[in-house]
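1. Build the 3D model from these lines:
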Amino acid sequence: MSGRRQADHAIDPVFIRRWSPRGFKPVQIEPDTLLRFFEAARWAPSAINSQPWRFIYALNGSEHWDNLFGLLSEYNQSWAARASALVLIVSKKVFLPPDKDAVVQIVSHSFDTGAAWANFALQASISGWVTHAIGGYDRQEARRLFSIPDDYHLEAIIAVGQQGDASHLPEALQAREQPTPRRPVQGFVAEGTFDFSDV
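-> The predicted structure is shown next:
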């Protein structure tokens, strides 16, 4: 792993090894392999066990691929075309709690779904695959194309694949094809007060 990623505190290396490349090998992923990543997502923490995450996926070369791939911005299509799978993540904003007769708002729907996505990404990394979350896609068209109801929030599209040579990427992206560092813990943790100087 690049020297740009060094932990300041003792953590499992799995957290440092996970990163978001854009250079993919043009390989197929077995459905059972992808299901392992979804299984990890399944066990994420969730408020009142509401489990608001939903995943819509397409394997590269399948009849469903063009639908998801076509949602991406031209910039993201330039590198995601070689991904093995694309996964659209949405979160449900309402929930019928146990022993209740009316749905309630899930104020933490995106928070909980983010936890599921992190589990997915870490299991992929542990299994020798890489993932890259994409925010640049047509949400309005995604909602129309997949008939996603209004009580679901569209989160991100995830590219899944095996890391490959970056030489096929546009030149500007080749220079960025390396793990990024992170700010130190002291930059986002404060005891007992809001003491942050974000710009």
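2. So which other helices or strands are in contact with the lengthiest strand in the chain?
-> Of all the elements of type strand in the chain, the one with the most residues (DSSP state E) is strand 152-161. With contacts defined as 3 or more C-beta pairs under 8 Å, 6 or more residues apart in numbering; DSSP states H and E, strand 152-161 has these neighbours: strand 85-92, helix 109-126, strand 130-134, helix 139-145. (Glycine included, C-beta is placed from N, CA and C.)
3. Could you identify which of those is most buried?
-> strand 85-92 (a mean of 23; mean count of other C-beta atoms under 10 Å).
4. For this structure, which segments count as helices?
-> 14-17, 31-42, 65-69, 74-80, 109-126, 139-145, 171-174 (DSSP state H).
5. weakest of those helices by average pLDDT?
-> Mean pLDDT is lowest for helix 171-174 among these, at a mean of 77.
6. Now do that one: everything it contacts.
-> Helix 171-174 is contacted by residues 22, 78-79, 166-167 when judged by C-beta atoms under 8 Å, 6 or more residues apart in numbering.
7. Can I get the buried part of those residues as one ChimeraX selection?
-> Of these, the buried ones go into a single ChimeraX selection, burial set by 16 or more other C-beta atoms under 10 Å:
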select :22,79,166
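8. Which of the contacts of helix 171-174 sits closest to residue 123?
-> Residue 123 lies nearest to residue 22 out of those, by C-beta to C-beta, at 20.4 Å.
9. In this protein, where is pLDDT below threshold?
-> Confidence mapping of the chain against pLDDT under 70 gives the ranges 1-3, 199.
10. which residue ends up closest to the midpoint of it in space?
-> Centroid-nearest residue in the chain, with C-alpha atoms, centre = their mean: residue 133, separated by 4.2 Å.
11. so how far is stretch 180-197 from its chain's centroid?
-> Relative to its chain's centre, stretch 180-197 lies at 23 Å (C-alpha atoms, centre = their mean, to the nearest Å).
12. again, but for stretch 130-141
-> The answer for stretch 130-141 is 9 Å, by C-alpha atoms, centre = their mean.
13. So what would you say the end-to-end distance of that stretch is?
-> 26 Å (C-alpha to C-alpha, to the nearest Å).
14. Could you do stretch 80-91 as well?
-> 23 Å.
15. can you check stretch 157-166 too?
-> Counting by C-alpha to C-alpha, the terminal residues of stretch 157-166 are separated by 21 Å.
16. Stretch 152-169 too?
-> 34 Å.
17. related to what we said a few turns ago, residues in contact with the residue nearest to the centre of the chain?
-> 20, 117, 121, 156-158.
18. With distance to residue 107 as added columns, please give those residues in TSV.
-> Shown next, in TSV, are the contacts of residue 133 (distance: C-beta to C-beta, whole Å):
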residue	distance to residue 107
20	28
117	18
121	24
156	19
157	24
158	24
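19. From residue 174, how far out is residue 165?
-> Per C-beta to C-beta, to the nearest Å, residue 165 is found 10 Å from residue 174.
20. So for the two, which sits in the more crowded spot?
-> More crowded of residue 165 and residue 174, by other C-beta atoms under 10 Å: residue 174, with 15 against 11.
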